[in-house]
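Undergrad: What follows is a protein structure lacking sequence information:
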């Protein structure tokens, strides 16, 4: 039997690393690809939601593995994806329905998670399932019913606009920091002759040889007086903390999903015309059609998505050449230059906490009176909400990239829009009374 491979991984929730190990589950050849998909969509910036939602996803995989092992006891060790059949998934649905009280939303939620993971596996490995099984994962359930859930709400508009303005100010500072570093590097000389204690000489070296690492610092003691590896490298490269303002601003301007914003490529911009440019991105949750494009406003200023992305391309070009990648976001870390979002493991939640505090955003009030915390999915929702409010709640003018049903259920029908909806009702009553 071929090697099963690892089924353990770590993710960040609330800025804390949490380790997950599914190696104890039965049906290891079935569990492995599902665990791999879980590792890609979990975490603070993933599409699975928070820690509790992810715990339920782990539970769904466990229940499926245990059910399959009980249903096929003689084949559990070798049971793989291509052994799954529609009848077995339907039997699992029936098992869940019997395990919970009538009216519970748990069966549909658990089954939905399993189907979602199977769809994701199919996107990665199109021939993993038979034609019949491919047809079965095209829908979630045959008998259990879905419980309606409250959609994620937008930030209050003043909070959203404060976050956008803070991110814009920081991106400008990042731009100026690297431009100053480039000028210093041009004025420097080889530190082997000019000395390692002068910043301009060290930047001369970094510009030609890549970022500093611990090995270089150990060889040249004067480097320790220049503020450390991160401080020196940040003069010429983006660093991890820079991603909070860059991603925040990009999502505020475009409404891109966080995972789509993180996985942009260096050739994401095309077809500039009449003040707009096409932005190519990947939306993994879109099933078969994951390659997407949107039109965004274009110009030299940073309040245009086109201008922001061109700046990001400019500031990451040196790092991209070091790594030899086509990814947009390439950063200098302590261990060298890295394509940080290639494996979906780098998250922004930990760096967002000091960023929110520095701009005093965490002192602002969220809906319900609680303190504001960073959730990039809510930034996307807030971008959509602002568009909805700008068109006065007219759904036909608001729908962009969604069916009308999705736009209404997930973006229009949220607490942030209650006032505009109530005003529309009052206006309708007033017109009917005037007739």
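TA: All right, it came through fine. What you see is a predicted model; the values in this text were computed from it and never measured. Residues are numbered from 1 along each chain as shown.

Undergrad: since we're on residue 125, how many residues are nearby?
TA: 12 (other C-beta atoms under 10 Å). (Each C-beta comes from the backbone N, C-alpha and C, glycine too.)

Undergrad: Which residue ranges of this structure form strands?
TA: For the chain, the strands defined by DSSP state E cover 8-13, 16-21, 269-273, 276-282, 291-297, 331-333, 336-338.

Undergrad: what are the pairing partners of the third one, and which direction each?
TA: Spelled out, that is strand 269-273. strand 276-282 (antiparallel) (DSSP bridges).

Undergrad: and the strand it pairs with with strand 291-297, angle?
TA: Angle of strand 276-282 versus strand 291-297, following axes from the mean of the first three to the mean of the last three C-alpha atoms, to 10 degrees, is 150 degrees.

Undergrad: Now do the buried residues in strand 276-282.
TA: 276, 277, 278, 279, 281, 282 (16 or more other C-beta atoms under 10 Å).

Undergrad: Buried deepest among the strands of the chain, which one?
TA: strand 331-333 (a mean of 23; mean count of other C-beta atoms under 10 Å).

Undergrad: Which other helices and strands does that one contact?
TA: Where contact means 3 or more C-beta pairs under 8 Å, 6 or more residues apart in numbering; DSSP states H and E, strand 331-333 is packed against helix 305-323.

Undergrad: quick check: angle from the helix it packs on to strand 276-282?
TA: Put simply, helix 305-323 runs at 50 degrees to strand 276-282, going by the same axes, to 10 degrees.

Undergrad: Kindly state the distance between the middle of helix 305-323 and the middle of its chain.
TA: Remark: helix 305-323 is offset 19 Å from the chain centroid, using C-alpha atoms, centre = their mean, to the nearest Å.

Undergrad: do stretch 202-219 as well
TA: Counting by C-alpha atoms, centre = their mean, stretch 202-219 is centred 31 Å from the centre of its parent chain.

Undergrad: Ok, stretch 168-185 next?
TA: 26 Å.

Undergrad: what is the rounded mean pLDDT of that stretch?
TA: The pLDDT scores in stretch 168-185 average 97.

Undergrad: Flag every buried residue along that stretch.
TA: Buried, per 16+ other C-beta under 10 Å, within stretch 168-185: 168, 170, 171, 174, 177, 178, 181, 182, 184, 185.

Undergrad: which of those lies closest to residue 85?
TA: residue 171 (51.7 Å; C-beta to C-beta).

Undergrad: I figured the closest one was touching residue 311, is that so?
TA: Yes. Residue 171 lies in contact with residue 311 (C-beta atoms under 8 Å); the separation is 7.3 Å.

Undergrad: Overlap of the contact sets of those two?
TA: Counting by C-beta atoms under 8 Å, 6 or more residues apart in numbering, the common neighbours of residue 171 and residue 311 are residue 302.

Undergrad: now do the same end-to-end measure for stretch 91-105.
TA: Length of stretch 91-105, first residue to last, C-alpha to C-alpha, to the nearest Å: 18 Å.

Undergrad: Ignore what I typed, I meant stretch 300-308.
TA: Using C-alpha to C-alpha, the two ends of stretch 300-308 sit 8 Å apart.

Undergrad: and what of stretch 362-379?
TA: From its first residue to its last, stretch 362-379 covers 15 Å (C-alpha to C-alpha).

Undergrad: any idea of the pLDDT on residue 396?
TA: The model's pLDDT for residue 396 equals 49.

Undergrad: To clarify, my last question referred to residue 38.
TA: pLDDT for residue 38: 89.

Undergrad: what's the closest non-adjacent residue to it?
TA: Nearest non-adjacent residue to residue 38, counting by C-beta to C-beta, 6 or more residues apart in numbering: residue 57, 6.0 Å away.

Undergrad: got a list of what the one you found touches?
TA: Here residue 57 is in contact with 38, 42, 48, 113, 117 (C-beta under 8 Å, 6+ apart).

Undergrad: Just confirm residue 32 contacts residue 7, I think it does.
TA: Yes. In this structure, residue 32 is within contact of residue 7 by C-beta under 8 Å, at 5.3 Å.

Undergrad: What is the nearest of the buried residues of strand 276-282 to residue 122?
TA: residue 282 (16.3 Å).

Undergrad: Dig out what that closest one forms beta bridges with.
TA: Taking DSSP bridges as the rule, residue 282 bridges to residue 291.

Undergrad: Let me know how buried the closest residue to residue 35 other than its chain neighbours is, in neighbour terms.
TA: In this structure, residue 35 finds its nearest non-sequential neighbour in residue 7, 4.3 Å apart by C-beta to C-beta, 6+ apart. Other residues near residue 7 come to 21 when the count uses other C-beta under 10 Å.

Undergrad: List the contacts of residue 7.
TA: Contacts of residue 7 were listed using C-beta under 8 Å, 6+ apart, and they are 21, 22, 23, 25, 28, 31, 32, 35.

Undergrad: Buried subset of the residues you listed as a PyMOL selection?
TA: Per 16+ other C-beta under 10 Å, the buried members of these correspond to this PyMOL selection:
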select buried, resi 22+25+28+31+32+35
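
Undergrad: Just the contacts of residue 7: which are in helices?
TA: 28, 31, 32, 35 (DSSP state H).

Undergrad: want to throw those into a markdown table with pLDDT and distance to residue 232?
TA: Shown next, in a markdown table, are the ones in helices among the contacts of residue 7 (pLDDT from 0 to 100; distance: C-beta to C-beta, whole Å):
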| residue | pLDDT | distance to residue 232 |
| --- | --- | --- |
| 28 | 92 | 46 |
| 31 | 93 | 44 |
| 32 | 92 | 42 |
| 35 | 91 | 39 |
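
Undergrad: Tabulate the strands of the chain (TSV), appending distance to residue 138 and mean pLDDT.
TA: Below are the strands of the chain laid out as TSV (distance: least, C-beta to C-beta, whole Å; pLDDT from 0 to 100):
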stretch	distance to residue 138	mean pLDDT
strand 8-13	28	85
strand 16-21	28	87
strand 269-273	32	94
strand 276-282	21	94
strand 291-297	20	91
strand 331-333	39	90
strand 336-338	38	87
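
Undergrad: Now render those as TSV, adding distance to residue 241.
TA: TSV is the format used below for the strands of the chain (distance: least, C-beta to C-beta, whole Å):
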stretch	distance to residue 241
strand 8-13	15
strand 16-21	18
strand 269-273	25
strand 276-282	23
strand 291-297	25
strand 331-333	10
strand 336-338	14
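
Undergrad: For residue 257, find the nearest of those strands.
TA: Using C-beta to C-beta, the strands of the chain put strand 276-282 closest to residue 257, at 8.4 Å.
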